[in-house]
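Enquirer: no sequence for this one, just the structure:
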């Protein structure tokens, strides 16, 4: 009894082991070699091990008849036609294909055991249907950006790239990174895309401004104004101390214009539209106003003689020798002076008023010339007044000593006593008719030479010793304006020589010898 139980128990254990081993073998065997139906040739069994069959038959448990027409064609290759039965959405998304071959589902999805599932780069490593080969992003799994069987790219660039362009994204209709970048093009290719949207980028740029990124940093497209300019052009002196708007380079310079100097010259009108410049046909403010003065940044306007050195050596020597600035006659921004008759009165009103009273002096240019910058020396008065000049005695040749030059009238202060004070105190000072009774300042009118004494002093009417014939020469004792010579020396030098020792204590003779009543 005992022996029989032990034998039975042993057999039972062996049986259990055998059952477990068979179960394990059964579970393992289909993965290695699926059972082959009796009506399936052995070669077809290998096809069934392809990726597509494993996915559809083994995993999804799809019946063979779903794809194969077993009743009529058996297991003949059905092609991609039946894929739409289950994958209608995916089939709607076409695919260009490899080279000239039209792609189908089987281009990427393989059902043959010897062929692995296709990858995108299998085809796109070469140009496809006019599209360039994939080089950039070629090592990235395509599904990172593309969803299978969908036309749109589903990826967000910022998942991998931290760069942002907030200023650029703000444009209406912006497609973010795709505005400039193509997914499979080199990053540098984006630089050529600026002209697609920016008309200024299409123009021929100024020297040194050939590339946009020279001023605009990638992903930060707003140029930072003056700080960007000085990066290449260094600091330049400006009129910012007096004109704050000159501190910003782009207020005057258009960085996208080819001739930046010309654009800067024209830009002055942007702020100074109310100023009209008429300067020898030019309209360039920088002719006189240097935007970048070389040294003194407080000099708002250049000296006129910077260009007009042929007129004068400085801005205060062009008229009247010195002290008259150009702006006295030339108005800023309208450099054509008004008519001389108008402009001269600004400084010479009193002279013009006086000249108006003298017909021959009304025209200033007769004496001062036509060129106000190079005034000719005033001609001698005798040029017009020859008679007066030729008859004026010595000391009277300078006409302006007595005459105001513009009116020609004698100055009120010009009297004979102005120069002849000594004569003014003589005996003839109060003669009726004054000095002109015997003298004239110049001809042609008046007394040409002083008349003889007897013209007024008749000899027969003279008193005392005047009637003596030896005393008839008045000039022996008298001068026209001085006192009478009655001293002893006068009487005894030439006439009364024999009386030199007569009454030697007497100093004058007329103490005893009377010439008056």
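Expert: That came through fine. Remember, predicted model here, so these are calculated numbers, not experimental data. Numbering: from 1, shown residues only.

Enquirer: Let me see the contact set for the spatially most central residue of the chain.
Expert: The residue lying closest to the centre of the chain (Cα atoms, centre = their mean) is residue 264, at 3.9 Å. If you count contacts by Cβ atoms under 8 Å, 6 or more residues apart in numbering, residue 264 has them with 252, 253, 254, 286, 291. Placement of C-beta: from N, CA and C, glycine included.

Enquirer: which one is the fourth one nearest to, not counting chain neighbours?
Expert: Leaving out its chain neighbours, the residue that sits closest to residue 286 by Cβ to Cβ, 6 or more residues apart in numbering is residue 265, at 5.5 Å.

Enquirer: Distance from the chain centre to the helix or strand containing the one you found, please.
Expert: If you go by DSSP states H and E, residue 265 is part of helix 260-271. Relative to its parent chain, helix 260-271 has a centroid offset of 5 Å by Cα atoms, centre = their mean, to the nearest Å.

Enquirer: Which positions within it qualify as buried?
Expert: By 16 or more other Cβ atoms under 10 Å, the buried positions in helix 260-271 come out as 260, 263, 264, 265, 266, 267, 268.

Enquirer: From residue 460, how far off is residue 454?
Expert: Per Cβ to Cβ, to the nearest Å, residue 454 is found 10 Å from residue 460.

Enquirer: Look up how far residue 366 lies from the residue nearest to residue 286.
Expert: 44 Å.

Enquirer: Same check on residue 402?
Expert: On the measure of Cβ to Cβ, residue 402 and residue 366 end up 21 Å apart.

Enquirer: Looking at the two now, which is surrounded by more residues?
Expert: residue 402 (19 against 14; other Cβ atoms under 10 Å).

Enquirer: Might you report the residue contacts of the nearest residue to the more buried one once chain neighbours are set aside?
Expert: Closest residue in space to residue 402, ignoring its immediate chain neighbours: residue 414 at 4.0 Å, by Cβ to Cβ, 6+ apart. The contact partners of residue 414, by Cβ under 8 Å, 6+ apart, come to 401, 402, 403.

Enquirer: quick check, nearest of the residues you listed to residue 436?
Expert: Among the contacts of residue 414, residue 402 lies closest to residue 436 (Cβ to Cβ), at 13.1 Å.

Enquirer: For that closest one, report the pLDDT, please.
Expert: Note for residue 402: predicted pLDDT of 92.

Enquirer: Check whether it really touches residue 419, as I assumed.
Expert: No: using Cβ atoms under 8 Å, residue 402 is not in contact with residue 419; the gap is 9.1 Å.

Enquirer: Name the spans of the stretch 101-250 of the chain whose pLDDT lies under the cut-off.
Expert: Counting by pLDDT under 70, the ranges of the stretch 101-250 of the chain that qualify are 101-102, 113-115, 154, 201-202, 224-225.

Enquirer: all helices of it, in order?
Expert: 105-108, 120-124, 166-169, 194-197, 199-202, 226-233 (DSSP state H, counting those that start in this stretch).

Enquirer: Now the second one: buried residues?
Expert: This points to helix 120-124. In helix 120-124, counting by 16+ other Cβ under 10 Å, buried: 123, 124.

Enquirer: helices or strands next to that helix in the packing?
Expert: Here helix 120-124 touches no other helix or strand, going by 3 or more Cβ pairs under 8 Å, 6 or more residues apart in numbering; DSSP states H and E.

Enquirer: chain center to it: distance?
Expert: 57 Å.

Enquirer: pretty sure residue 290 is touching residue 303, no?
Expert: No: under the criterion of Cβ under 8 Å, residue 290 makes no contact with residue 303, lying 11.0 Å away.

Enquirer: Show me which of the two is the more surrounded one.
Expert: Counted by other Cβ under 10 Å, residue 290 and residue 303 do not tie: residue 290 has more neighbours, with 19 against 15.

Enquirer: From residue 249, how far off is the more buried one?
Expert: 15 Å.

Enquirer: do you know how far the residue nearest to the centre of the chain is from residue 255?
Expert: From residue 264 to residue 255 the distance is 11 Å (Cβ to Cβ).

Enquirer: cool, residue 501 as well?
Expert: 117 Å.

Enquirer: okay, the two: which has more neighbours?
Expert: Remark: of residue 501 and residue 255, residue 255 carries more neighbours, 19 against 7, as counted by other Cβ under 10 Å.

Enquirer: wait, the more buried one sits on residue 206?
Expert: Yes: using Cβ under 8 Å, residue 255 is in contact with residue 206, at 7.3 Å.

Enquirer: what residues are up against residue 417?
Expert: 423, 424.

Enquirer: Now do it, the pLDDT please.
Expert: Reading off the model, residue 417 has pLDDT 87.

Enquirer: how far away is it from residue 429?
Expert: For residue 417, the distance to residue 429 (Cβ to Cβ) stands at 9 Å.
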